[in-house]
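> I'd like to go over a predicted model; first the sequence, then the structure.
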Amino acid sequence: MARTKILVSAAEAMPANGKPTLKTIAQMSGLAVPTVSRALNDAPDIGTNTKELVRKIAHEIGYVPNRAGVRLRTGRTNVISLIMSTEHDNHTARLISSVASGLEGTRMHLNVTPYFPQDDVMKPVRYIVETGSADAIILNQIEPNDSRVAYLMERNFPFATHGRTNWADQHAYYDFDNGAFGHHAVDLLARHGRKSILAIAPPQRQSYALHLMDGMALAAKSNNQDIQMLSGATSDDTVDTIGIAVRAHLTANPDVDCIIAASTTAAMAAVAATEQLGMVVGQQIDVLAKEASPFLKLFRANILIMSESVGAAGDFLAKAAIQAIREPDLPPMQFLEVPKAP
């Protein structure tokens, strides 16, 4: 029968040194120590009520597992590492927060492993795999033939990606359908009567930039629109860098009547640049942006927006990484978020 209540108080069960152990939880719950351990590790053969009781007790008495002991017993660290560049990224904070939320209630801990833009991108991946300092890795800024993904697949190391590679059918991922976003964005601008588009795209080495450009090109051809790619800046750059590039492009190309921005930062920079040139968004020019946080409409009401759920991405990637660790023989978890046509 599943245990649903505390049988012994913490004061009665606590060892003399005051540091709670698995045995403390076992005495308080009336469960065997191995059952407590399996409940904390979310074992599938342990009932929901039992897991909830064990976690409740562990939380109330401040139980913290001995990480070294866990690794000796199981060969695991109970750590998932999110590897991220220190380079400016619009989604960094939200992705970290949502991955952490996805791990809440599990025994897994999140480590954020940073690397600098000038570093070898393989360095943090090799370190984690070779030292066994995490059980799984989550990656972003994915490239079509990503060397990190190839390395992890070759070594059968659990991982999940925010974005798709050319081998996406073989690994766990969450991605936003940027091809569909690009197509919908261009179609919407066509309905607004816009013909000449300036695109502030992501770095072209990344997979989602290629998907975005393909989607825009397909719709523009169908609608007889012209697309010009911004040079001198990408959607990942700073507001100042993007603003300078946009002003220069609009000055040299006065026919441009709309802008597609692949990030919130790019949209704000584009609006500032157009206003500095005496244009009014929604009148002389339209700005259409993809955003993860719903505040662009508060910045300028006439910005056209389409939403991306970075929060859902992090939660999904956390669960996908856990499955890759615990059930490697199952098909990898995969999800493609399809934007709604405005």
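Received, thanks.
> Can you give me the separation between Lys51 and Arg164?
Distance of Lys51 to Arg164, computed by Cβ to Cβ, to the nearest Å: 34 Å. For every residue, glycine as well, the C-beta is placed using N, CA and C.
> hang on, I meant Ala217
Separation of Ala217 from Arg164 (Cβ to Cβ): 19 Å.
> Who has more neighbours out of the two?
Neighbour totals were compared for Ala217 and Arg164, and Arg164 leads with 23 against 17 (other Cβ atoms under 10 Å).
> In contact with that one, which residues?
Applying Cβ atoms under 8 Å, 6 or more residues apart in numbering, we find Arg164 in contact with Ile142, Tyr173, Asp175, Ser207, His211, Leu336.
> element containing Gln204?
Here Gln204 sits in a region with no helix or strand, counting by DSSP states H and E.
> May I have the residues that are in contact with it?
Gln204 touches Leu210, Met213, Thr234, counting by Cβ under 8 Å, 6+ apart.
> give the contact list for the second one.
When the contact criterion is Cβ under 8 Å, 6+ apart, the partners of Met213 are Gly182, Ala199, Ala201, Gln204, Met229.
> following the helix or strand hosting the first one, which helix or strand shows up next?
Spelled out, that is Gly182. Using DSSP H and E, Gly182 sits within helix 178-191. Sequence-wise, the next helix or strand downstream of helix 178-191 (DSSP H and E) is strand 196-200.
> what packs against that next one?
helix 207-223, strand 226-229, helix 239-252, strand 258-261, helix 264-276 (3 or more Cβ pairs under 8 Å, 6 or more residues apart in numbering; DSSP states H and E).
> The second one - contacts with which helices or strands?
Other elements packing on strand 226-229 under the criterion 3+ Cβ pairs under 8 Å, 6+ apart are strand 196-200, helix 207-223.
> Any idea which of the ones you listed gets closest to Gly102?
helix 207-223 (20.8 Å; Cβ to Cβ).
> Please confirm that Asp286 is located within a strand.
Yes. Judged by DSSP: H, G, I helix; E, B strand; the rest coil, Asp286 forms part of a strand.
> Now the buried members of the contacts of Arg164.
Ile142, Tyr173, Asp175, Ser207, His211 (16 or more other Cβ atoms under 10 Å).
> Any stretches of the stretch 201-342 of the chain with poor pLDDT?
Counting by pLDDT under 70, the stretch 201-342 of the chain contains no low-confidence segment.
> one more time with 80
Applying pLDDT under 80 to the stretch 201-342 of the chain flags residues 292-294, 341-342.
> Run through the residues that contact Ser309.
Going by Cβ under 8 Å, 6+ apart, Ser309 touches Phe176, Ala292, Glu337.
> What's the separation between the residue nearest to Leu277 when sequence neighbours are not counted and Ile242?
Spatial nearest neighbour of Leu277, excluding adjacent residues (Cβ to Cβ, 6 or more residues apart in numbering): Leu250 at 5.8 Å. As judged by Cβ to Cβ, Leu250 and Ile242 stand 12 Å apart.
> cool, and Asp45?
Applying Cβ to Cβ to Asp45 and Ile242 gives a distance of 54 Å.
> got it, and Leu31?
Leu31 is 58 Å from Ile242, where distance means Cβ to Cβ.
> same deal with Thr264?
11 Å.
> which of the two has more neighbours?
Neighbours per residue (other Cβ under 10 Å) separate Thr264 from Ile242, with Ile242 holding more: 27 against 22.
> where does the closest residue to the more buried one other than its chain neighbours sit relative to Leu230, distance-wise?
Here the nearest residue to Ile242 in space, its sequence neighbours aside, is Ala269; by Cβ to Cβ, 6+ apart that works out to 3.7 Å. According to Cβ to Cβ, Ala269 stands 10 Å off from Leu230.
> before we move on, what about Lys23?
63 Å.
> So which bits of stretch 208-223 are buried?
Buried residues in stretch 208-223 (16+ other Cβ under 10 Å): Tyr208, Ala209, Leu210, His211, Leu212, Met213, Gly215, Met216, Ala217, Ala219, Ala220.
> With respect to Glu130, which of these is nearest?
Tyr208 (29.3 Å).
> And for that closest one, nearest residue in space, chain neighbours not counted?
Asn178 (4.5 Å).
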